[in-house]
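Chemist: Sequence first, then the predicted structure:
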Amino acid sequence: MIIKEVGIENFKGIDSLKFKPKLLNVIVGRNNTGKTSIIEAIAMALDGTFLDENYSESPTSIINYLANSGEISLALSENRNTKLVLKFKRIDEHDLYKNIVSKTLNDIKKIQAGSEKKTTSGTIDSKKIKKAIDSNDISIFQDAIEVILKNRFTTDIIKKLLQDCVLVNNGNEEYLLFGNDFRSFVNQITEAVIEKIYDKSVVKQLVWSTNFSLIHYSTYSPIFPSQRKKSIYDSTKMIFVKNPLQTLQTLLITKEGHQELSLEIEDILKKDDVLPNLIRFDFTELVFDTPESRKSVKFNRMGEGFQTLVAILAILKSNGNVNSIFLMEEPEVHMHPGYVGELVKYLAQISSSLKIQFFITTHSYDLIQSLLEEENPDLKEFLEKNLLLLRLNKVNDTIIGENITYKDAKKDSSVLLLDLRGI
């Protein structure tokens, strides 16, 4: 799977941006020019859970503050041309009211189902509510909800909740993404409806005797009306690395047997002489041959830059998918320039051999310089054809993207230097 074109409209600080990526894409620019927004937009369009996991606390923050709706589109090429489109928009007062009613009805049904499973016959008289459910006569609930909302659906509440909801359409389904304010308000309405319909003597027992108590509601998925699929397209071919060391720890916990992976990393470190005199490497310790004797050093006692390099190598090595997509934020953080050069060489090698597409944000001129000054003839030829530098700049509060080819960057890298080092 390779992305042939990226289109972003009204996502966060980006009002309109379109570019055609290559295999190795490095995104540069000063702070607050939208570098992270681009790779997040790609992740959102590819992985159905990314938006829910990262923006359920502040859904409307994904929409440009000057707009009411936005869109992310990816043109893909894998056997056939495919286009993914993710649309999102603010909702109005009418849609807000409908979703509150729908979510409240949905939660009441779950409470009823839970109470019948956890209580013996005769403990709770639920015939009245069960009859309404079985006969599809929902009016008993709707009437109660409308009465309660008359007093609670105030102007201030409406304004607050409209800032907490976004309607999302991924091409397959449309759903409401909401945050804590919406969830808390629905919880209050649900409890009030139960109190209104049930006898007061059993209200407390009904609500708190089920797995759908208000405590449970607070951890409920923000997705409505149904759970999101893990992937909109095939997220197994997309890896987003924000924190390499944390990702490595997760990888080592979930991956059975680290010996083979350790040996692969050891081979890279020895072959490229990253650590002179290295005899053995694993994720616990390293062994060196010194003039005096052999010396061992715990992996977690090595410098953070080295650990980060190893983490990225391990993540790449453990991913066996050809034609996959890697998204990385500033992989060079805490790295010595020498390690940055090794990382760049390996990224180019793996992108060339496995056709893996990279989108990388950076503030490192050493990273750019290593790409432009690569001496290996095969890697240099690959970079000349497959490297794209996307330079972002903000003009009058508008983010502008400039595509810079390998050839253009070689001619004049001084402009990049200004962005990367803030000179």
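Modeler: Perfect, I can see it now.

Chemist: looking at this structure, which helix or strand does the model trust least?
Modeler: helix 214-218 (a mean of 37; mean pLDDT, DSSP states H and E).

Chemist: Please report the distance of the residue of the chain most remote from its centre from Glu285.
Modeler: Among the C-alpha atoms of the chain, the one most distant from their mean position (C-alpha atoms, centre = their mean) is that of Glu292, at 49.0 Å. As defined by C-beta to C-beta, to the nearest Å, Glu292 lies at a distance of 18 Å from Glu285. No exception for glycine: its C-beta is placed from N, CA and C like everyone else's.

Chemist: tell me which element Glu5 is part of?
Modeler: Using DSSP states H and E, Glu5 maps to strand 2-11.

Chemist: According to the record, where do the domains of this structure fall?
Modeler: Domain segmentation of the chain under automatic domain parsing yields 2-88+232-421, 93-166+176-224.

Chemist: Can you classify Leu17 as helix, strand or coil?
Modeler: Put simply, Leu17 is strand when judged by DSSP: H, G, I helix; E, B strand; the rest coil.

Chemist: in the sheet, who's paired with it?
Modeler: With DSSP bridges applied, Leu17 shows beta-bridge pairing to Ile8.

Chemist: Now for it: which residues touch it?
Modeler: Going by C-beta atoms under 8 Å, 6 or more residues apart in numbering, Leu17 touches 6-8, 34, 38, 399, 401.

Chemist: again, only this time at 7 Å
Modeler: 8, 399, 401 (C-beta atoms under 7 Å, 6 or more residues apart in numbering).

Chemist: Could you pick out the buried ones from the residues you listed?
Modeler: 8, 399, 401 (16 or more other C-beta atoms under 10 Å).

Chemist: After the strand or helix carrying the last one, which helix or strand is next?
Modeler: Meaning Gly401. In the assignment (DSSP H and E), Gly401 maps to strand 398-405. From strand 398-405 onward toward the C-terminus, using DSSP H and E, the following helix or strand is helix 406-411.

Chemist: Off-centre distance for that next one?
Modeler: 32 Å (C-alpha atoms, centre = their mean, to the nearest Å).

Chemist: what's the answer for stretch 94-102, then?
Modeler: 27 Å.

Chemist: does the nearest residue to Lys407 once chain neighbours are set aside sit in a helix, a strand or a coil?
Modeler: Closest residue to Lys407 apart from its sequence neighbours, by C-beta to C-beta, 6 or more residues apart in numbering: Glu384 at 7.0 Å. Recorded secondary structure, Glu384: helix (three-state DSSP).

Chemist: Burial check on Glu384, number of neighbours?
Modeler: Per other C-beta atoms under 10 Å, the neighbour tally for Glu384 reads 13.

Chemist: surely it meets Asp408?
Modeler: No - contact criterion C-beta atoms under 7 Å: Glu384 and Asp408 do not qualify, at 11.3 Å.

Chemist: For the residue lying closest to Phe182 once chain neighbours are set aside, list the residues it contacts.
Modeler: Nearest in space to Phe182, with sequence neighbours left out and distances taken as C-beta to C-beta, 6+ apart, is Asp164 at 4.7 Å. The contact partners of Asp164, taken as C-beta under 7 Å, 6+ apart, are 59, 178-179, 181-182.

Chemist: how about Asp164, phi and psi?
Modeler: phi -120, psi 10 (degrees, to the nearest 10).

Chemist: re the thing from before, closest to Val274 out of the buried ones among the contacts of Leu17?
Modeler: Gly401 (34.5 Å; C-beta to C-beta).

Chemist: So that closest one is in contact with Asn393, correct?
Modeler: No - Gly401 is beyond contact range of Asn393, at 8.1 Å (criterion: C-beta under 7 Å).

Chemist: For the residue at minimal distance from the centre of the chain, give its distance to Ile72.
Modeler: Centroid-nearest residue in the chain: Phe50, 3.6 Å away (criterion: C-alpha atoms, centre = their mean). Between Phe50 and Ile72 the distance is 11 Å, computed by C-beta to C-beta.
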